[in-house]
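In: Provided below are the primary sequence and the corresponding predicted coordinates.
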Amino acid sequence: MKTPSTSLVEMTEVVLPNDTNQLGNLLGGRLMHWVDIAAALSAQRHSHRIAVTASIDEMTFLMPVKLGQVVRLRASVNRAFHTSMEVGVHADVEDFKTGDIRHVSTAYLTFVAIDEFGHVVKVPEIVPETAEEKRRYEGAAERREHRLQKRREMTESDKRTA
């Protein structure tokens, strides 16, 4: 068994011209890319396996991130199920000119660990220690049930339209 802190990944990215749209704002897809990388590293750190993205929950962009600003990402495994893991990623933006740090996005991603043959494998359990880790651990179970319910609904919808 492991704790969430053992899966912690911190990344820092500077927003360069190639990362922005015509307004000089960070492209949403680029932030999603960075979030996916941070989450994958966290899941791999936890499982000691290659981990692949199974899903990403809704992702909201709370405010624009401008050219030249710095995005700081913190990712850790919130909960490990049998073969899947929920990873939470918190993104902040830092403006070097003002020193302001603001929260810009939070995302929850589901990863599965795979072996060298591409087969899904069991992942280690996780034991939350702090009050915050326990809150995220409990929330992960609720989000997982919601994801599974959505999957069941989509499967039923697909059967009706086939």
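Out: Noted; the coordinates are in hand. Numbering: from 1, shown residues only.

In: for the helix or strand harbouring Thr155, name the packing helices and strands.
Out: With elements taken from DSSP states H and E, the one containing Thr155 is helix 131-161. Judged by 3 or more Cβ pairs under 8 Å, 6 or more residues apart in numbering; DSSP states H and E, helix 131-161 is in contact with strand 70-80, strand 84-94, strand 101-114. C-beta here means a position set from N, CA and C on the backbone, and glycine is covered the same way.

In: now that helix: average pLDDT?
Out: Mean pLDDT, helix 131-161: 88.

In: picking that back up, got CSV for the helices and strands packed on helix 131-161, with mean pLDDT and mean neighbour count too?
Out: Output for those, formatted as CSV (pLDDT from 0 to 100; neighbours: other Cβ atoms under 10 Å):
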stretch, mean pLDDT, mean neighbour count
strand 70-80, 97, 23
strand 84-94, 97, 22
strand 101-114, 97, 20
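
In: okay if I get these as CSV plus distance to Glu142?
Out: Listed next are these as CSV, based on distance: least, Cβ to Cβ, whole Å:
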stretch, distance to Glu142
strand 70-80, 10
strand 84-94, 10
strand 101-114, 11
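
In: out of these, nearest to Trp34?
Out: Counting by Cβ to Cβ, Trp34 lies closest to strand 70-80 out of the helices and strands packed on helix 131-161; the figure is 5.9 Å.

In: tell me the angle the helix holding Thr155 makes with strand 84-94.
Out: Helix 131-161 and strand 84-94 are oriented at 120 degrees to each other (axes from the mean of the first three to the mean of the last three Cα atoms, to 10 degrees).

In: in helix 131-161, what's buried?
Out: For helix 131-161, the neighbour count (16 or more other Cβ atoms under 10 Å) marks Glu133, Arg136, Tyr137, Ala140, Arg143, Arg144, Arg147 as buried.

In: cool, stretch 27-37 as well?
Out: Arg30, Leu31, Met32, Trp34, Val35, Asp36, Ile37.

In: which member of these is positioned nearest Lys2?
Out: The closest of the buried residues of stretch 27-37, once distances to Lys2 are taken by Cβ to Cβ, is Ile37, at 20.9 Å.

In: if I pick the closest one, what's in contact with it?
Out: Going by Cβ atoms under 8 Å, 6 or more residues apart in numbering, Ile37 touches Met11.

In: between the host helix or strand of it and strand 70-80, what angle do the directions make?
Out: Assigned by DSSP H and E, Ile37 belongs to helix 28-47. Helix 28-47 and strand 70-80 meet at an angle of 40 degrees, taking the same axes, to 10 degrees as the criterion.

In: perfect, I'm done here.
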